[in-house]
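Peer 1: Sequence plus the predicted model coming up.
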Amino acid sequence: MSQREIQESLDLLQKDWDVDPILRDFMLGKISSVSDYPIKVRDVIFHLPYLASEKKYILWKCFWPDCHNCCDRQGRLPLTSDDLITIGKGLKYQKTSDFIKNETLTVTYQEPGPSGQMTTMTTINLKRKTDESEKDDGTHISCRFLDEKGGCSMHPDRPGVCYLYPFSTWLENEQGKARVHATYQFTGDCPGFYLSENLEPMKEELKEYSKIIYEYNMASIRTNRESFSSTSFG
């Protein structure tokens, strides 16, 4: 996302939530004294920002159901092969192929990788609105499965990617084995970020998300292997 888009999201967020001015400056790229603090939790290495000028880490917690911006401002909902079966059945489709035809959209897009290289992704995405088209990909759209109270009508069978927020994740080769890494998405939409002198307040979240993130990556690997999606590095 561009800084302009992040600023627009932050301005919208601040209508309902207090946003720490230090965190706002960080998300807008105005703080340079930032280091990456890696911490291994089970099978995932989390990369948490550490602000040297403040001597504090950036941590996170979820404010659902008071906030459901992650469902209200989705950019896309890529599906794993597991999702295709589970969600298709939940929507009463007898055949996965019919679910894919009627309820999804296949798109190709680029994302920056952890080393700055561009990664080209082709994924089958759940339509966030019934008439979603390729031109809507990457834009903020409220998910059609979000109810008026902020709940997900397909929970707990919602797409695996929904469980990841606010993390993004990737794989790296480590001595011939795939190592799962994760870091935050700073889109300006989430009010859950805060500053802390130590990692203790987020200990339980890191444990919970290490399992979620690892399982999602394994599902993504299967999805590529089964040719429901593809990834190339440039």
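Peer 2: Great, that's in hand. Keep in mind the model is a prediction, meaning the values are calculated, not measured. Numbering: from 1, shown residues only.
Peer 1: Now tell me what touches the helix or strand bottoming out on mean pLDDT in the chain from outside.
Peer 2: When the helices and strands of the chain are scored by mean pLDDT, DSSP states H and E, strand 230-233 comes last with a mean of 78. With contact meaning Cβ atoms under 8 Å, 6 or more residues apart in numbering, strand 230-233 is reached by G113, Q117, M118, T119, T120, M121, T122, N224. All C-beta atoms are positioned from the backbone trio N, CA, C, and that covers glycine.
Peer 1: Give the buried residues for it.
Peer 2: T231 (16 or more other Cβ atoms under 10 Å).
Peer 1: same thing with stretch 69-79?
Peer 2: N69, C70, C71, R73, Q74, G75, R76, L77, P78, L79.
Peer 1: Please apply the same query to stretch 222-232.
Peer 2: T223, F228, S229, T231.
Peer 1: Can I get the residues you listed in TSV including distance to L13?
Peer 2: TSV is the format used below for these (distance: Cβ to Cβ, whole Å):
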residue	distance to L13
T223	32
F228	34
S229	31
T231	31
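Peer 1: Out of the residues you listed, flag the one nearest to V107.
Peer 2: Comparing those against V107 with Cβ to Cβ picks out S229 as the nearest, at 10.5 Å.
Peer 1: I'd like the distance between the closest one and L79.
Peer 2: Here the criterion is Cβ to Cβ, to the nearest Å. By it, S229 lies 8 Å from L79.
Peer 1: Helices of this structure, start to end?
Peer 2: 3-13, 21-27, 69-72, 81-90, 96-103, 160-164, 203-225 (DSSP state H).
Peer 1: Minimum distance to Y37: which of those has it?
Peer 2: helix 203-225 (12.0 Å).
Peer 1: okay, the angle between the closest one and helix 81-90?
Peer 2: 90 degrees (axes from the mean of the first three to the mean of the last three Cα atoms, to 10 degrees).
Peer 1: quick revisit: so which of the buried residues of stretch 69-79 sit within strands?
Peer 2: Among the buried residues of stretch 69-79, no member is found in strands (DSSP state E).
Peer 1: which one of those residues is nearest P49?
Peer 2: Within those, the smallest distance to P49 is 19.3 Å, found for C70 (Cβ to Cβ).
Peer 1: The closest one contacts D189, correct?
Peer 2: Yes - counting by Cβ atoms under 8 Å, C70 touches D189, with 7.0 Å between them.
Peer 1: Looking at the chain, which residue reaches furthest from the middle?
Peer 2: In the chain, the residue that sits farthest from the middle, by Cα atoms, centre = their mean, is Q94; the gap is 29.3 Å.
Peer 1: how near is that residue to T104?
Peer 2: Distance of Q94 to T104, given as Cβ to Cβ: 16 Å.
Peer 1: Next: S97.
Peer 2: 11 Å.
Peer 1: Among those two, which residue is more densely surrounded?
Peer 2: Higher neighbour count among S97 and T104: T104, with 21 against 11, using other Cβ atoms under 10 Å.
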